[in-house]
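J.: sharing a model that was predicted from the sequence below.
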Amino acid sequence: MRPSDFIGNTPLLKINEKLYAKFETYNPSGSIKDRIAAYIINDAEKNSKLKKGDTIIEATSGNTGIAFSMIAAERGYKMKIVMPSNMSEERKQMMRLFGAEIIDVEPGDFDKAISLRDELAIKNGWFNTNQFHNPLNIECHEKTTGVEIVEQVKNIPNLLSAFILGTGTGGTMMGCYKTLHDVYPKMKLIAVEPTESPVMSGGEHGVHGIQGIGDGSKFLVDLKKVDQILLVSTEEAKIRAKELMKEKGIFVGLSSGANVLGAERWIEKNNPEGIVVTILSDRGERYLSCL
Ligand code: PMP
C-alpha cells in the first residue's frame, strides 16, 4: 500500500448536538486536499497524460501543494509550486521536504500565482493540475467526500439542515453540494468568507490570514446555489481554532476555526430542525508560527 491509498473515508466528528464536522486531518498529508491531488493524478495516469519523471505544476495556498508534493514523491514526479509568499513557513517547509520546488509571488496574489503557473506550464511542457478551474476538483468531492457524508449522516437520527464552509477553489463546497442536495433537497448551502476579503459578498479583495479560503475570487463556486454568505475575521477564526484545540482536543487550522464559528453562529440564529455539517480542513501544526 502507498500513502495515497489511505486518502478519504475520514471520520465525521460531533462538535455539539447540532454540529458535525468531517475530520479531514485524517488524510495522509493532513488536509482535505489529498483527495483532489490523488483524483487528478490518478485521472492523468489513467489517460496517459503523465509518466514517471514528468513535472507537475500547481498554484496553491499550501495544502494542495503539500498533497501534490506527497503524491509526486510517492510516484516519482517532479513538483513545482507557485504560491503567495505570505503562506506559513511550515507549509513551505513540508513541500520542500517532499522534494518540491516553491516559486513565490507577491503576498495574497493568487491571480499572479495562477497566471505564472499557466505561463510556466506552457513554456516548459509541465502538467498543469489547474485546481481553480478543474471540473475534476468538483467531481472528486461529489464522488468521495459527499458520498461519505451522506453515509455518515444516515447514522445520525436527524436530517441534514445545512452544509456550511469556507471556499478556496470551491471544489469541496460544490462537489459535496451535488451529492448532499440530491438526498436532502431542502438543505441550505452557506458559505463562509474572510471579513477582510469579502469578494463573494460583493466587497473588495484584501489580504487576510485564513489560509486556504478567500483566495480572491469565487472560482468554482456557483453563487446561485449559495443561500447565505457569512463573514468571519482572521482574528475570530484564530480564537475559535485555539479554543477547539484547548477545549475539545481538536488540533486544526484557521479555516476550520472559521467553519466551526460560522456554523455555530448560523445554528444559533436559525435554530435548525436537523443537524449542520462543516469541514475541518487541515491539521493545526502547519500554523504554529501564526497562532
Ligand atoms: N481550508 C483549507 C485549510 C484549505 O487549504 C482549503 C483549500 N484551499 C480549503 C479550506 C478550501 O477548499 P476548496 O479549495 O475545496 O474550496
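T.: Nice, thanks for sending it over. Only a predicted model underlies this, so the values are computations on that prediction, with no experimental measurement involved. Numbers count the residues shown, from 1 in each chain.
J.: where does this protein come near the ligand, residue by residue?
T.: Residues of the chain lying near the ligand by Cβ under 6 Å from any ligand atom: 31, 33, 61, 63, 166-173, 212-213, 253, 255, 281-282. Backbone N, C-alpha and C define where each C-beta goes, glycine included.
J.: and with 5 Å instead?
T.: Listed as neighbours of the ligand in the chain under the rule Cβ under 5 Å from any ligand atom: Asn63, Thr167, Gly168, Thr169, Gly170, Gly171, Thr172, Gly212, Ile213, Ser255, Ser281, Asp282.
J.: these in helices, which ones?
T.: Taking DSSP state H, the ones among the residues of the chain next to the ligand that sit in helices are Asn63, Gly171, Thr172, Ser255.
J.: just those residues now: which is nearest Val183?
T.: Lowest distance from Val183 to those (Cβ to Cβ) belongs to Thr172, with 17.1 Å.
J.: excluding residues flanking it in the chain, which one is nearest that closest one?
T.: Excluding the flanking residues, the one nearest Thr172 by Cβ to Cβ, 6 or more residues apart in numbering is His141, at 5.2 Å.
J.: now the helix or strand where that neighbour lies: average pLDDT?
T.: Per DSSP states H and E: His141 is located in helix 135-143. Summarised as a single mean, pLDDT over helix 135-143 is 98.
J.: now do whichever helix or strand comes after that helix and helix 135-143, the angle between them.
T.: Per DSSP H and E, the first helix or strand lying C-terminal to helix 135-143 is helix 145-154. Here the directions of helix 145-154 and helix 135-143 differ by 20 degrees (axes from the mean of the first three to the mean of the last three Cα atoms, to 10 degrees).
J.: low-confidence stretches in the stretch 51-200 of the chain?
T.: Across the stretch 51-200 of the chain, nothing is flagged by pLDDT under 70.
J.: neighbours around the residue of it found nearest the ligand, how many?
T.: Minimum separation of the stretch 51-200 of the chain from the ligand (Cβ to the nearest ligand atom) falls at Gly168, amounting to 2.7 Å. Gly168 has 29 neighbouring residues, counting by other Cβ atoms under 10 Å.
J.: what do you get for the one 4 residues further on?
T.: Residues contacting Thr172 under the criterion other Cβ under 10 Å number 29.
J.: then Val147?
T.: Quick note: Val147 (other Cβ under 10 Å) scores 17 neighbours.
J.: follow-up on the earlier one: quick check, nearest of the residues of the chain next to the ligand to Lys238?
T.: Distance to Lys238 across those (Cβ to Cβ) is lowest for Ser255, with 10.8 Å.
J.: separation between Thr195 and Lys18?
T.: Thr195 sits 24 Å away from Lys18, going by Cβ to Cβ, to the nearest Å.
J.: check contacts around Ser85.
T.: Asp104, Val105, Glu106, Pro107 (Cβ atoms under 8 Å, 6 or more residues apart in numbering).
J.: that older thread, was I right about the residue of the stretch 51-200 of the chain closest to the ligand contacting Asp215?
T.: Yes - assessed by Cβ atoms under 8 Å, Gly168 is found in contact with Asp215 at 5.2 Å.
J.: give me the common contacts of those two.
T.: With Cβ under 8 Å, 6+ apart as the test, Gly168 and Asp215 both reach Ser61.
J.: does the residue nearest to Thr172 touch Lys33 like I think?
T.: No - using Cβ under 8 Å, His141 makes no contact with Lys33, being 10.9 Å away.
J.: tell me which stretches of the stretch 1-150 of the chain form helices.
T.: Using DSSP state H, counting those that start in this stretch, the helices found in the stretch 1-150 of the chain span residues 33-46, 63-75, 89-97, 110-124, 135-143, 145-154.
J.: would you mind finding the most buried of those?
T.: Stretch with highest mean neighbour count among these: helix 63-75 (a mean of 25; mean count of other Cβ atoms under 10 Å).
J.: which residues does it contact?
T.: 2-4, 27-34, 36-38, 41, 52, 56, 58, 60, 77-79, 81, 83, 91, 94-95, 98-100, 102, 129, 131, 212, 281-282, 286.
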